[in-house]
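Peer 1: quick one: sequence and predicted model below, then my questions.
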Amino acid sequence: MSDDQPVRFSISFALDKDEFLRRTCPNCGRSFKTKADPDDLASILQPAFKRIENEIGDVSISTEHEEHEPQYLSCPYCNHHAESGDMLTGEFQIYLKRFVMREYVLPQINKMLSGFTDGFSSTSQSNSFLRFEVKADFENILPPRPISGPEPPDMTKVEMLCCGKMIKLYDGWYDLEECPFCGTKVQII
Ligand SMILES: [Zn+2]
Ligand SMILES: [Zn+2]
């Protein structure tokens, strides 16, 4: 049974009231937030999906923004440079993984299992009631939809004068050395 049609799903991100997404630096473990925009979200999903593909094996997941340029960020605290999609909170990575399992992997498994019962029941025609019951049970395997958020409106908003982008940092953090987005050296006025 091959199944090459693209699977479409929508995913929700927990943003705070200013539409900022919380991130965690994989190097120093500290948090900051960046303004979420569609390009950035696409480049968050791609590496995350790749990681999940590698972990689960045997499934391939692609996003619609296939030829998207990877976006990079520097940590505002330790200047660690990484792909935007690698600067996600652990909580959000778990959410993504559960989301992909719930929306993509488990439905495929269920389809395989119900395909098996279809084949089984076609050899014993009379048992359509049993077949219905078995299918309903497989559908119940799906866990509840994971939920992302809510995201509290903490941290201080800083506008980068070099490129006009916004970032949120820990309250009282003034040691920003370079712009996390474009790398320009920061002068604190
Ligand atoms: Zn860092
Ligand atoms: Zn900049």
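Peer 2: Perfect, thanks for sending it. Residues are numbered from 1 along each chain as shown. Ligands and ions are numbered 1, 2, ... in the order given.
Peer 1: CA atoms for contacts and neighbours, from now on please.
Peer 2: Will do.
Peer 1: which residue is the nearest non-sequential neighbour of I167?
Peer 2: Of all residues not flanking I167 in the chain, T34 sits nearest, at 4.8 Å (CA to CA, 6 or more residues apart in numbering).
Peer 1: secondary structure element holding that neighbour?
Peer 2: Taking DSSP states H and E as the criterion, T34 maps to strand 31-35.
Peer 1: close to ligand 1, is that strand?
Peer 2: No. Using CA under 5 Å from the ion, strand 31-35 stays clear of ligand 1, coming no nearer than 8.1 Å.
Peer 1: average model confidence for that strand?
Peer 2: Strand 31-35 carries an average pLDDT of 94.
Peer 1: same check on stretch 153-163?
Peer 2: Summarised as a single mean, pLDDT over stretch 153-163 is 92.
Peer 1: distance of the closest residue to K17 other than its chain neighbours from K50?
Peer 2: Residue nearest to K17 in three dimensions, not counting chain neighbours: P153, with 6.3 Å by CA to CA, 6+ apart. According to CA to CA, to the nearest Å, P153 and K50 sit 30 Å apart.
Peer 1: over to F99?
Peer 2: To K50, F99 is 14 Å away according to CA to CA.
Peer 1: can you list the neighbours in contact with stretch 10-30?
Peer 2: Contact with stretch 10-30 is made by 31-36, 75, 77-78, 80, 86-90, 99, 148-153, 168, as judged by CA atoms under 8 Å, 6 or more residues apart in numbering.
Peer 1: PyMOL command to pick out the buried ones of these?
Peer 2: In PyMOL, this line selects whichever of the contacts of stretch 10-30 come out buried by 16 or more other CA atoms under 10 Å:
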select buried, resi 31+32+33+34+35+36+75+77+86+87+88+89+99+148+168
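Peer 1: and I52, how many residues sit next to it?
Peer 2: I52: 20 surrounding residues under other CA atoms under 10 Å.
Peer 1: surely it touches Y95?
Peer 2: No. Contact criterion CA atoms under 8 Å: I52 and Y95 do not qualify, at 11.5 Å.
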